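take a look and give me a structure for this.
(2 chains)
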Amino acid sequence: DAGVIQSPRHEVTEMGQEVTLRCKPISGHNSLFWYRQTMMRGLELLIYFNNNVPIDDSGMPEDRFSAKMPNASFSTLKIQPSEPRDSAVYFCASSSRTSGRREQYFGPGTRLTVT
Amino acid sequence: DQQVKQNSPSLSVQEGRISILNCDYTNSMFDYFLWYKKYPAEGPTFLISISSIKDKNEDGRFTVFLNKSAKHLSLHIVPSQPGDSAVYFCAATDSGNTGKLIFGQGTTLQVKP
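Residues are numbered from 1 along each chain as shown, chains lettered A, B, ... in the order given. From the prediction side, this is the model:
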């Protein structure tokens, strides 16, 4: 079984550029979560989707951040324009609410560096 | 307002001994708790969970204990192995939301050979 797939694994960009992170959840999972991990704030939830619909985006730090889930097998997190303080590791996770289980399964993460 | 707290940033134990990682929570609505392990450059990996209707759940070398009155849970690893060296996160959720997990800050465990 393939786990959660994220791309790219590493992204280095200059301030002001647009950044798009991609995620493919585990097949059959109907919930998808985007997290950001920093030394200062730890692992924080940015946004999550149930059945492709955004449920709670209260963790999205600013309007520069947006996320989409056009279908059950793909999601993007976009930062435009990017700033140095956006440098972090971004994780995508998925889970199957219909199974009654509550575990989330994480991808390997995208390490973003904004210079 | 940290609803889930791991007050020990790090822990060091000798191989073969017991590792005990602690976690406290403040929200009495939480009814399901999870532990994740994270190696460098990898995503967190689910380890073990416990429902609030239980006070103990065991899986091999890993046991999670839940004390609801104290709003405290702990993860015991016996015996500890060098490969257990990682960052451990506890997380909590309640049945009223749609699967949102609240994570602690993590504890770095080092198991010395």
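
tell me which stretches of the chain form strands.
In the absence of a named chain, chain A is used. Ranges of strands in chain A, per DSSP state E, are A:5-7, A:10-13, A:19-24, A:31-38, A:42-50, A:53-56, A:65-71, A:74-79, A:88-95, A:105-106, A:110-114.

my bad, the chain I had in mind was chain B
B:4-5, B:10-14, B:19-25, B:32-38, B:45-51, B:56-59, B:62-67, B:72-77, B:86-93, B:102-103, B:107-112.

can I get the ones you listed in JSON lines with distance to chain A and mean neighbour count?
Using the backbone N, CA and C atoms, a C-beta is placed for each residue, glycine as well. Formatted as JSON lines, the strands of chain B follow (distance: least, C-beta to the nearest C-beta, whole Å; neighbours: other C-beta atoms under 10 Å in any protein chain shown):
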{"stretch": "strand B:4-5", "distance to chain A": "10", "mean neighbour count": "20"}
{"stretch": "strand B:10-14", "distance to chain A": "14", "mean neighbour count": "13"}
{"stretch": "strand B:19-25", "distance to chain A": "13", "mean neighbour count": "21"}
{"stretch": "strand B:32-38", "distance to chain A": "5", "mean neighbour count": "22"}
{"stretch": "strand B:45-51", "distance to chain A": "5", "mean neighbour count": "17"}
{"stretch": "strand B:56-59", "distance to chain A": "13", "mean neighbour count": "12"}
{"stretch": "strand B:62-67", "distance to chain A": "13", "mean neighbour count": "18"}
{"stretch": "strand B:72-77", "distance to chain A": "15", "mean neighbour count": "19"}
{"stretch": "strand B:86-93", "distance to chain A": "6", "mean neighbour count": "23"}
{"stretch": "strand B:102-103", "distance to chain A": "5", "mean neighbour count": "21"}
{"stretch": "strand B:107-112", "distance to chain A": "11", "mean neighbour count": "17"}
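
ok, the nearest residue to A:S27 once chain neighbours are set aside - how many residues close by?
Counting by C-beta to C-beta, 6 or more residues apart in numbering or on different chains, the nearest residue to A:S27 once its immediate chain neighbours are dropped is A:S73, at 7.0 Å. By the measure other C-beta atoms under 10 Å in any protein chain shown, the count of residues near A:S73 is 16.

for A:S73, give me its contacts.
Each residue near A:S73 by C-beta atoms under 8 Å, 6 or more residues apart in numbering or on different chains is listed here: A:24-25, A:27.
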